[in-house]
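Participant: Got a sequence here, can you build the structure:
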Amino acid sequence: MSYAMDNRAAKGTALYTRKLVERLLDDDRFEWCLVHFERVDDPLYRRAREIVMPKLRLPAATRFVRTMLFFWKYRHEGFDIIHWFQPRLYPFFWLAPACHIVVTAHGAGDITAPGAFPLSRRIFNFILKHFNHTVDALIGVSEFGREEIIEYYRADPERTYAIYNGGGEDFHPILKSEAGRITSKYGIVQPFILDVSRLVPHKNVDAVIRAYDILRTDPSRREQLVIVGGPGYRHEETYALARRSPYASSILFIEYVPQEDLNALYAAAEVFVFPSLNEGFGLPVVEAFASGTPVVTSNVAALPEIAGSAALLVDPYKPDHIAGAIGRILSDQSLRASLVEKGRARAKQFTWKKTAEETLALYHSLAESIRWSGR
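Facilitator: Next up is the predicted model:
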């Protein structure tokens, strides 16, 4: 169900879907069908059988009805596996014309992350919580994510799997002198501290701004703070907090940066800081590692699992702890060098190739059960 990646370049689930589909299509042991709501100008759809769900426009619930019509139209198709890449399943998803249903829930962030969710999200959560017994495999993108799925969606542990995201192979170190052209394009004055986070409460960007205020009380610290991420729930409060900062002129918000530029921003930063409160994986941490940038991140959720010993872990609820860790990296070259080396090694453990291989192994185990059952 590839619509998760359509026209959603900045979203984590869209990136996951795209990177995984790109590699799954390389395996010719399966006949691949990519199913979505609208045709898009995307070369991936030329590599597989493209299915556009039946067209329909209603005052409400259009996508739900179109999905049901897709199920009905292809009811005799007999797909072996249908895979949803995000945990947002419509009622009656179990009527899908497939022998097996796979869902990447990532974690339980749709339930546990702080913030206000629309009614549709609450419905999706209800459906997955109460009907996941009809799902053959639920995927978390870390062990933490898997445990969240089991706890908050009440999923059967035997049908719940941990398959890590990739990300390490898509980024690489770039000399700061070479990255300067990109940073100047966005109005960045080096040196700078970087955060890549959507402006929603659980990304904890407010704590980064408060930590930055504490850091700058040291007169030797003149670094700029750059925050890359689009606005979300309560983003106005984050902007207001930045405007009230005595160092507001040194805080720069950038809504969106494409990957080819993002690599340069990671590499050019003195420190990458990511004190998120809720992550099923924490892809920006791996991207910063691979770019050769030292990282400060949270000691909660999946982040300790993903970072290992390659980052400084801090209490994300304490801005003074965040500021202290940033200051240590900025002032201690030996620590900085050690974290860069460990981070680059750590990033190599997380590749989309490995994600695809483990997902394919899961598909094959389900396909074998189809073969042995005679279906």
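
Participant: Name the SS class of I174, please.
Facilitator: Put simply, I174 is coil when judged by DSSP: H, G, I helix; E, B strand; the rest coil.

Participant: what's around it, how many residues?
Facilitator: By the criterion of other Cβ atoms under 10 Å, I174 has 18 neighbours. C-beta here means a position set from N, CA and C on the backbone, and glycine is covered the same way.

Participant: OK, contacts around it?
Facilitator: Contacts for I174 (Cβ atoms under 8 Å, 6 or more residues apart in numbering) come out as N263, A264, A267, A268, S291, G292.

Participant: rerun that using 10 Å as the cut-off
Facilitator: I174 sits next to G180, I182, N263, A264, L265, Y266, A267, A268, S291, G292 when contact means Cβ atoms under 10 Å, 6 or more residues apart in numbering.

Participant: Buried subset of those residues as a ChimeraX selection?
Facilitator: Listed next is the ChimeraX selection for buried residues among these, using 16 or more other Cβ atoms under 10 Å:
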select :182,263,264,265,266,267,268,291,292
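
Participant: Give me the subset of the contacts of I174 that lies in helices.
Facilitator: G180, I182, N263, A264, L265, Y266, A267, A268 (DSSP state H).

Participant: Name the strands paired with the top strand by length along the chain and say parallel or antiparallel.
Facilitator: Criterion DSSP state E: the longest strand present in the chain is strand 98-106. Pairing partners of strand 98-106, with direction, according to DSSP bridges: strand 79-84 (parallel), strand 137-140 (parallel).

Participant: Just the C-alphas of the top helix by length along the chain, formatted as PDB.
Facilitator: For the chain, the helix that runs over the most residues, judged by DSSP H, is helix 352-373. In PDB, the C-alpha atoms belonging to helix 352-373 read as follows (Å, rounded to 0.1, in the frame of the first residue of the first chain):
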ATOM      1  CA  TRP A 352      17.900   0.200   4.100                       C
ATOM      2  CA  LYS A 353      19.400  -2.800   2.400                       C
ATOM      3  CA  LYS A 354      19.400  -4.700   5.700                       C
ATOM      4  CA  THR A 355      15.800  -3.400   6.400                       C
ATOM      5  CA  ALA A 356      14.700  -4.800   3.100                       C
ATOM      6  CA  GLU A 357      16.500  -8.100   3.600                       C
ATOM      7  CA  GLU A 358      14.800  -8.700   7.000                       C
ATOM      8  CA  THR A 359      11.400  -7.600   5.600                       C
ATOM      9  CA  LEU A 360      11.800 -10.000   2.700                       C
ATOM     10  CA  ALA A 361      12.700 -12.800   5.100                       C
ATOM     11  CA  LEU A 362       9.500 -12.100   6.900                       C
ATOM     12  CA  TYR A 363       7.500 -12.200   3.600                       C
ATOM     13  CA  HIS A 364       9.200 -15.500   2.700                       C
ATOM     14  CA  SER A 365       8.200 -17.000   6.000                       C
ATOM     15  CA  LEU A 366       4.600 -16.000   5.400                       C
ATOM     16  CA  ALA A 367       4.700 -17.200   1.800                       C
ATOM     17  CA  GLU A 368       6.000 -20.600   3.100                       C
ATOM     18  CA  SER A 369       3.100 -20.900   5.400                       C
ATOM     19  CA  ILE A 370       0.800 -20.300   2.400                       C
ATOM     20  CA  ARG A 371       2.600 -23.000   0.500                       C
ATOM     21  CA  TRP A 372       2.400 -25.600   3.300                       C
ATOM     22  CA  SER A 373      -1.200 -24.800   4.000                       C
END
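
Participant: Would you mark the buried spots in it?
Facilitator: W352, K354, T355, A356, T359, L360, L362, Y363, L366, A367.

Participant: Find me the pLDDT at the closest residue to the third one other than its chain neighbours, would you?
Facilitator: Setting aside the residues directly before and after it, T355 is nearest to G166 in space (Cβ to Cβ, 6 or more residues apart in numbering), at 4.8 Å. Among the per-residue scores, G166 shows a pLDDT of 96.

Participant: State whether G166 is indeed within a helix.
Facilitator: No. Counting by three-state DSSP, G166 falls outside a helix, being coil.

Participant: Use 59 as the first number for this chain going forward.
Facilitator: Yes, from this point I'll number from 59; that puts the last item at G224.

Participant: Quick check: phi and psi at it.
Facilitator: G224 adopts backbone torsions of phi -100, psi -140, taken as degrees, to the nearest 10.

Participant: what about it, distance to G165?
Facilitator: 17 Å (Cβ to Cβ, to the nearest Å).

Participant: Enumerate every residue touching the residue nearest to E328 when sequence neighbours are not counted.
Facilitator: Once flanking residues are discounted, E328 sits nearest to P249: 4.7 Å by Cβ to Cβ, 6+ apart. Residues near P249 by Cβ under 10 Å, 6+ apart: K234, T241, R279, R280, E281, Q282, A326, A327, E328, V329, L388.

Participant: What of H422?
Facilitator: Residues near H422 by Cβ under 10 Å, 6+ apart: D85, R87, F88.

Participant: Below-threshold pLDDT in the stretch 209-358 of the chain: ranges please.
Facilitator: Residue ranges of the stretch 209-358 of the chain with pLDDT under 70: none are present.

Participant: All the helices of it, residue numbers only.
Facilitator: 234-243, 263-273, 293-302, 317-326, 341-348 (DSSP state H, counting those that start in this stretch).

Participant: out of those helices, deepest packed?
Facilitator: Greatest average neighbour count among the helices of the stretch 209-358 of the chain goes to helix 341-348 (a mean of 28), per mean count of other Cβ atoms under 10 Å.
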